[in-house]
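K.L.:
Okay, predicted coordinates and the sequence, questions at the end:
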Amino acid sequence: MYAASTSRYSSMSYRRCGKSGIMLPEISLGLWHNFGHVNDFENGRSILRAAFDAGITHFDLANNYGPPYGAAEENFGKYMQQDFHTYRDELIISSKAGYDMWDGPYGNWGSKKYLVTSLNQSLKRMNLEYVDIFYHHRPDPNTPLEETMHALDLIVQQGKAIYVGISNYNHQDTEKAATILKKLGTPFIINQIKYSMFERWCEENLMQTASHEGIGLIAFSPLAEGVLTDRYLNGIPEGSRASMTYAHLKKEHITEERLKKVKLLNKMAASRDQKLAQMAIAWLLRHPQLCSVLIGASSVEQLNNNLDALKNTTFSPDELIRIDNILK
């Protein structure tokens with residue numbers, strides 16, 4: 001039987017999520033990849049155990065994580081039953097809905113029908129009574145934002161989520177969502193955004209909006225799905241994410257121009273006595289608006305390597321200028 005490490009809170013730092021009452025670990029674990037039915041169940045179990053032992057209290061899912069859709073939540077439900085049910089009150093568990101999930105007109109986007117029904121399904125798969133955070137996964141250009149936000153409010157009123165969030169929303173839509181949810185009195189605390197050295201759109205306006213509205217930001221794909229590591233420096237290895245037909249990262253995403261930048265960043269990371277992945281994670285945490293960085297992991301070793309990013313999160317002004325010059 002699994003017993004969590006008694007020192008699990010000694011090495012992790014936690015940041016307040018916006019102006020809410022909760023703190024999130026500086027590194028959280030996302031189950032986007034590596035936890036579907038095509039993956040090794042016991043390997044996923046080992047990763048989750050190691051993560052919690054290291055002080056990672058936040059596990060992030062979505063309805064369509066797999067493959068197939070729903071598989072990550074189903075497996076997570078088993079992990080919860082087997083290992084983590086006694087630690088439920090120490091965990092922040094989140095899920096989302098907003099992308100394609102089931103056939104027909106009600107299994108996608110942002111209608112109240114879809115969001116409420118989807119969360120009901122997610123709770124059954126995970127064998128949970130509630131999630132701590134429920135997100136709308138992406139803006140819906142056709143459903144009124146008021147309907148989507150009212151759905152999030154209803155979910156909180158039903159006791160199926162404690163807090164709500166949004167994901168992939170720009171600063172204008174974040175402001176609109178915040179205005180609606182404030183009027184409803186809904187605990188809107190977080191926006192999950194794609195943010196890495198290669199994806200910096202949020203720096204222009206969204207960070208200022210988050211500070212103004214008291215909303216935390218959490219970054220996903222901090223390593224550009226593995227490109228910001230030393231894995232692809234000499235081509236695409238067998239078993240890597242880019243080599244898998246079902247993965248989001250494709251071979252054509254790894255261009256010569258991008259690899260040139262990766263190699264320069266890799267040299268700079270070495271000068272800091274870090275791996276590139278560690279430097280890329282640390283670089284994100286320089287922003288106070290960022291309450292956590294969501295990482296994925298395909299092994300306990302990879303998880304621990306990424307956690308070592310927290311050993312050096314300080315950058316000199318010169319280092320930041322050098323990174324900006326490489327990324328231009």
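P.N.:
Sure thing, it's come through.
K.L.:
All the strands of the stretch 101-250 of the chain, residue numbers only.
P.N.:
With DSSP state E, counting those that start in this stretch applied, the stretch 101-250 of the chain shows strands at 131-136, 161-167, 188-194, 216-220, listed in chain order.
K.L.:
angle of the last one against strand 131-136?
P.N.:
Right, strand 216-220. Angle, strand 216-220 to strand 131-136, by axes from the mean of the first three to the mean of the last three CA atoms, to 10 degrees: 80 degrees.
K.L.:
quick one: average pLDDT of whichever helix or strand comes after strand 216-220?
P.N.:
Sequence order places helix 256-271 as the next helix or strand after strand 216-220, per DSSP states H and E. What helix 256-271 shows for mean pLDDT is 95.
K.L.:
hang on, the earlier thing: among the strands of the stretch 101-250 of the chain, which is nearest residue 93?
P.N.:
strand 131-136 (5.3 Å; CB to CB). The way it works is simple: take the backbone N, C-alpha and C, and place the C-beta from them, glycine included.
K.L.:
that older thread, and the strands of the stretch 101-250 of the chain: which comes nearest residue 30?
P.N.:
Evaluated with CB to CB, the strands of the stretch 101-250 of the chain place strand 216-220 nearest to residue 30, the distance being 6.1 Å.
K.L.:
Can you pull out the low-pLDDT segments for the stretch 101-250 of the chain?
P.N.:
235-250 (pLDDT under 70).
K.L.:
quick revisit: for the strands of the stretch 101-250 of the chain, please prepare CSV with the additional fields distance to residue 67.
P.N.:
CSV is the format used below for the strands of the stretch 101-250 of the chain (distance: least, CB to CB, whole Å):
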stretch, distance to residue 67
strand 131-136, 20
strand 161-167, 20
strand 188-194, 20
strand 216-220, 18
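K.L.:
Would you convert these into CSV that also reports mean neighbour count and distance to residue 275?
P.N.:
Below are the strands of the stretch 101-250 of the chain laid out as CSV (neighbours: other CB atoms under 10 Å; distance: least, CB to CB, whole Å):
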stretch, mean neighbour count, distance to residue 275
strand 131-136, 24, 30
strand 161-167, 24, 28
strand 188-194, 24, 22
strand 216-220, 24, 18
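K.L.:
and of those, who's closest to residue 46?
P.N.:
Proximity to residue 46 (CB to CB) singles out strand 216-220 among the strands of the stretch 101-250 of the chain, at 22.2 Å.
K.L.:
List the contacts of that closest one.
P.N.:
With contacts defined as CB atoms under 8 Å, 6 or more residues apart in numbering, strand 216-220 is touched by 15-18, 20, 24, 28, 30, 32, 60, 167, 189-196, 202, 206-207, 210, 284, 287, 289-294.
K.L.:
Could you measure from residue 212 over to residue 149?
P.N.:
18 Å (CB to CB, to the nearest Å).
K.L.:
Show me which of the two is the more surrounded one.
P.N.:
Taking other CB atoms under 10 Å, residue 212 and residue 149 do not tie; residue 149 has more neighbours (25 against 12).
K.L.:
Distance check, the closest residue to the more buried one other than its chain neighbours against residue 191.
P.N.:
Excluding its sequence neighbours, the residue lying closest to residue 149 (CB to CB, 6 or more residues apart in numbering) is residue 180, at 4.3 Å. Computed as CB to CB, the residue 180 to residue 191 distance reads 14 Å.
K.L.:
quick one on the thing from earlier: how close does the residue nearest to residue 149 sit to residue 297?
P.N.:
36 Å.
K.L.:
Would you mind telling me which of the two has more residues around it?
P.N.:
residue 297 (25 against 20).
K.L.:
How many residues are close by the residue nearest to the more buried one when sequence neighbours are not counted?
P.N.:
Nearest non-adjacent residue to residue 297, counting by CB to CB, 6+ apart: residue 303, 3.9 Å away. Using other CB under 10 Å, residue 303 is surrounded by 21 other residues.
K.L.:
Could you do the one 4 residues further on as well?
P.N.:
Other residues near residue 307 come to 23 when the count uses other CB under 10 Å.
K.L.:
do the same with residue 36
P.N.:
Using other CB under 10 Å, residue 36 is surrounded by 21 other residues.
K.L.:
Could you list the buried residues of stretch 35-48?
P.N.:
By neighbour count on 16 or more other CB atoms under 10 Å, the buried set for stretch 35-48 is 35, 36, 39, 44, 45, 47, 48.
K.L.:
so what pLDDT did the fourth one get?
P.N.:
pLDDT recorded at residue 44 is 98.
K.L.:
Enumerate every residue touching the residue lying closest to it once chain neighbours are set aside.
P.N.:
Among residues not flanking residue 44 along the chain, residue 35 sits closest, at 4.8 Å (CB to CB, 6+ apart). Applying CB under 8 Å, 6+ apart to residue 35 gives the contacts 44, 65, 71, 72, 75, 76.
K.L.:
Out of the residues you listed, give me the two with the largest separation.
P.N.:
Longest span within the contacts of residue 35, CB to CB: 44 and 65, 11.7 Å.
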